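> Next come a sequence and a model predicted from it.
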Amino acid sequence: MSQLDKQIAVVTGAGRGIGRAIALEFAAAGADVVCVSRTAANSEKVAGEVRALGRRAWAHAVDVADPAGVAAVVEKILADPGRVDILVNNAGVTRDGLLLRMSDADWDTVLNTNLKGAFLFTRALARGFLKQRSGRIINVASVIGLIGNAGQCNYAASKAALIGLTKSLAREFASRGITVNALAPGFTETDMTVGIHDELKARVRDSIPLGRFGRPEEIAGAALFLAGPAAAYITGQVLTVDGGMVM
């Protein structure tokens with residue numbers, strides 16, 4: 001039997017990068033996957049890749065920071081496939097800039113997407129988890145939420161808050177058999193890092209004991225562990241997947 005056999009997983013930010021890798025990793029492990037992305041094109045593309053692995057998939061496009069939009073999508077999810085066993089809050093954006101130059105819009109966009117989006121999806125699906133007395137919630141934070149980074153005060157604040165949300169929800173939900181954990185990826189080869197100039201990339205690599213950026217598939221492997229049976233007694237934890245950067 002596969003690790004996630006007969007499980008239904010919702011992955012936000014599934015259209016590319018780490019979210020896409022998690023959706024495909026879960027499908028390969030036996031899960032059916034609800035692919036949530038900001039655009040219909042991206043969510044449909046990844047849903048097609050999940051189906052190519054022999055699993056069921058559903059595609060939904062929504063701004064995770066929009067309460068009405070999230071409520072409507074969750075209503076559709078609960079109609080078909082009808083239940084959710086795993087929620088991965090992965091949707092995230094960056095709007096980098098030094099504090100004195102940061103606009104209100106850049107602050108709000110990052111906090112609303114990275115933090116409020118996780119809150120909205122978790123709240124909308126929590127009743128089902130509590131009723132079935134089981135569930136896995138995985139929030140994708142970042143090492144930046146642990147150590148901070150100049151020019152990313154909005155991103156760092158959102159990811160640090162996501163860790164606090166994780167620990168609080170773990171305490172709230174533990175008595176119902178629901179685990180809540182966070183992943184804190186380090187620098188990973190995604191669209192978010194492709195634009196970093198070579199000199200900065202070299203400096204970052206020098207700070208990573210393993211000497212390289214991570215791959216989305218490596219983050220997905222850690223997500224699969226937290227979603228699988230081997231992590232049944234793990235909750236409220238932050239698993240850093242960063243090549244040793246913040247050990």
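Arrived safely.
> Longest strand in this structure, by number of residues?
strand 178-185 (DSSP state E).
> If we go by neighbour counts, what in stretch 161-174 is buried?
161-163, 165-167, 169-170, 173 (16 or more other Cβ atoms under 10 Å). From N, CA and C alone the C-beta is placed, and that goes for glycine too.
> next one: stretch 134-153
135-146, 152-153.
> Likewise for stretch 76-95?
Result for stretch 76-95 [16+ other Cβ under 10 Å]: buried residues 77, 81, 84-95.
> avg pLDDT for it?
For stretch 76-95, mean pLDDT rounds to 96.
> Stretch 170-182 now?
Across stretch 170-182, pLDDT averages out at 98.
> Name the residues that touch it?
Stretch 170-182 has contacts (Cβ atoms under 8 Å, 6 or more residues apart in numbering) with 126, 129-130, 133-141, 162-163, 166-167, 169, 226, 231-232, 234-239.
> In helices, which of the residues you listed appear?
126, 129-130, 162-163, 166-167, 169, 226 (DSSP state H).
> hmm, which two among the residues you listed are most spread apart?
Largest separation among the ones in helices among the contacts of stretch 170-182 by Cβ to Cβ: Leu130 and Ile163, giving 22.2 Å.
> and Leu87, that one's in a helix?
No: assessed with DSSP: H, G, I helix; E, B strand; the rest coil, Leu87 is strand; it does not lie in a helix.
> related to what we said a few turns ago, parallel or antiparallel, which strands does the longest strand of the chain pair with?
strand 135-140 (parallel), strand 238-241 (parallel) (DSSP bridges).
> mind listing the helices for the protein?
So, for the chain - with DSSP H - the helices run 17-28, 40-52, 67-79, 104-111, 117-132, 144-147, 153-173, 191-194, 198-206, 216-227.
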